[in-house]
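A.B. asks: Would you be able to build a 3D model of this:
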Amino acid sequence: MTPAQLSQHLRSHFDVPIGFREYQNRRPYPCGIAAVDELLGGGFPRGAVSEISGNQSSNRTAFTLTTQGRAQ
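C.D. replies: Coordinates of the predicted model:
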């Protein structure tokens with residue numbers, strides 16, 4: 001299956017298979033770090049999967065756990 005065929009196949013099964021989905025009428029969830037919240041347009045979108053990435057020892061695990069802890 002070529003990449004174009006795979007993309008077409010996914011489009012037939014999902015609303016937005018690849019990329020960003022605009023969230024409607026949902027307040028974003030702020031992580032508590034003003035610079036990150038500003039870059040995200042107010043925070044993480046609620047009800048969506050978000051990926052945290054960074055170099056080794058960049059505190060991505062601490063950031064993720066702190067953000068999840070605030071959500072609990």
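A.B. asks: Contacts only, for the closest residue to Thr67 other than its chain neighbours.
C.D. replies: Setting aside the residues directly before and after it, Thr67 is nearest to Cys31 in space (CB to CB, 6 or more residues apart in numbering), at 4.6 Å. All C-beta spots, glycine's among them, are computed from the backbone N, C-alpha and C. With CB atoms under 8 Å, 6 or more residues apart in numbering as the criterion, the residues that contact Cys31 are 37, 40, 43-44, 63, 66-67, 70.
A.B. asks: Would you confirm that Pro30 contacts Pro45?
C.D. replies: No. Under the criterion of CB atoms under 8 Å, Pro30 lies out of contact with Pro45, with a separation of 11.4 Å.
A.B. asks: farthest pair in the contacts of Cys31?
C.D. replies: With distance counted by CB to CB, no two of these lie farther apart than Leu40 and Thr66, which are 15.1 Å apart.
A.B. asks: Right, I'll call it a day here.
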